[in-house]
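Colleague: please work out how this folds:
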Amino acid sequence: QVQLVESGGGLVQYGGSLRLSCAASGNIFSIYVMGWYRQAPGKQRELVATITAGGSTNYVDSVKGRFTTSRDNAKNTVYLQMNSLKPEDTAVYYCNADGVRQYNGGRVRTYWGQGTQVTVAS
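Modeller: Next up, the predicted model:
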């Protein structure tokens, strides 16, 4: 069974920084895309950033220039460095792994982490 475990959330002041990590485990052969989504209270979950196994990245406009995603394919881990944080960044951040293949075969699947709270105080 594949599991995604996130860490690094917390409370930070306006303009501060946080770094989120998400490690995937479970006999994984490869992961095509890893990414971060967030959901604020009363709002729909939105894509924040994604990164392919080859290193191509994609960001929502509101975080461009402030957030950077990276990944370590050998460790099946994705990171999200968040700088210049704003109160509107407050949300639960979810890790996503798409196109996951395991060594024991089976179909390609998508997995989600349990979420980590990020709160930015004004």
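Colleague: setting aside sequence neighbours, what's the nearest residue to the most centrally placed residue in the chain?
Modeller: The chain has residue 36 as the residue nearest its centroid, 2.8 Å off, counting by Cα atoms, centre = their mean. Closest residue to residue 36 apart from its sequence neighbours, by Cβ to Cβ, 6 or more residues apart in numbering: residue 48 at 4.3 Å. C-beta: built from backbone N, CA, C; applies to glycine.
Colleague: so what's the one you found up against?
Modeller: Applying Cβ atoms under 8 Å, 6 or more residues apart in numbering to residue 48 gives the contacts 35, 36, 37, 38, 59, 60, 63, 67, 80, 93.
Colleague: check contacts around the residue nearest to the centre of the chain.
Modeller: Residue 36 touches 20, 22, 47-50, 69, 78, 80, 93-96, counting by Cβ under 8 Å, 6+ apart.
Colleague: just residue 82 next, same as before
Modeller: 17, 18, 19, 20, 63, 66, 67, 89, 118.
Colleague: 10 Å - rerun?
Modeller: 8-9, 12, 16-20, 36, 48-49, 63, 66-69, 89, 93, 118, 120 (Cβ atoms under 10 Å, 6 or more residues apart in numbering).
Colleague: with residue 97 instead?
Modeller: 2-4, 22, 24, 28, 31-35, 76, 78, 109-113 are the contacts of residue 97 under Cβ under 10 Å, 6+ apart.
Colleague: and for residue 7?
Modeller: Contacts of residue 7 by Cβ under 10 Å, 6+ apart are 19, 20, 21, 22, 23, 95, 113, 116.
Colleague: rerun that using 8 Å as the cut-off
Modeller: Per Cβ under 8 Å, 6+ apart, neighbours of residue 7: 20, 21, 22, 116.
Colleague: also residue 53?
Modeller: 30, 31, 32, 33, 71, 73.
Colleague: give me the pLDDT value at it.
Modeller: We have a pLDDT of 96 for residue 53.
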